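Peer 1: compute the structure for the input listed below.
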Amino acid sequence: MATTAEIEDFLSEFAEIIERSGLNIWSRKKNDDFLLESGFTNSDVEWIVKTLKPGHYIKGPENDDKPYRPDGEVWKFGREYGGFELYIKLKKTQDHQLLAECMSAHEAEFPF
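Peer 2: You can find the predicted model right below:
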């Protein structure tokens, strides 16, 4: 479990990365299906992520469970928005610069 200060630091840095280089929302079946069905746009997801608070924290940081993906710690959040209970999984990665990755943004499969 992360402390409130650690969560705040992560969210603040993540929002700064989004401002500099945008949010990369991974194209995965769950994410794509949810966006299509809900009518949410990538801009909606970006706003939701940028306005996350420590109270939305579920878990992290933890290692990515897929060793073939870029290095970076995974953070998990849950948030109600637009009548949906959302599951959001975020990761900062490093290419030539820090990148903000949204690995998951879809309706939660389990209650928080």
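
Peer 1: pLDDT wise, what is the residue nearest to residue 107 when sequence neighbours are not counted at?
Peer 2: Closest residue to residue 107 apart from its sequence neighbours, by CB to CB, 6 or more residues apart in numbering: residue 84 at 5.3 Å. No exception for glycine: its C-beta is placed from N, CA and C like everyone else's. Looking at residue 84, its pLDDT stands at 94.

Peer 1: what sits opposite residue 84 in the beta ladder?
Peer 2: residue 81 (DSSP bridges).

Peer 1: any idea which element residue 105 lies in?
Peer 2: Using DSSP states H and E, residue 105 sits within strand 98-107.

Peer 1: tell me the mean pLDDT for that strand?
Peer 2: Computed over strand 98-107, the average pLDDT equals 94.

Peer 1: if we can go back for a sec, what about the residue nearest to residue 107, how many neighbours?
Peer 2: Counted with other CB atoms under 10 Å, the neighbours of residue 84 add up to 15.

Peer 1: which helix or strand contains the closest residue in space to residue 80 that isn't next to it in sequence?
Peer 2: Distance criterion CB to CB, 6+ apart; nearest residue to residue 80, sequence neighbours excluded, is residue 86 at 7.2 Å. Residue 86 belongs to strand 84-94 when assigned by DSSP H and E.

Peer 1: returning to what we had before: my read is that the residue nearest to residue 107 contacts residue 38, right?
Peer 2: Yes. Using CB atoms under 8 Å, residue 84 is in contact with residue 38, at 6.3 Å.

Peer 1: any shared contact partners between these two?
Peer 2: residue 107 (CB atoms under 8 Å, 6 or more residues apart in numbering).

Peer 1: mind listing what's buried in the longest helix along the chain?
Peer 2: Longest helix in the chain by number of residues (criterion: DSSP state H): helix 4-21. Neighbour-count burial for helix 4-21 flags 7, 10-11, 14-15, 17-18 (criterion: 16 or more other CB atoms under 10 Å).

Peer 1: what does it contact?
Peer 2: So helix 4-21 is contacted by 2, 46, 49-50, 52-54, 57, 61, 75, 90, 92, 97-100 (CB under 8 Å, 6+ apart).
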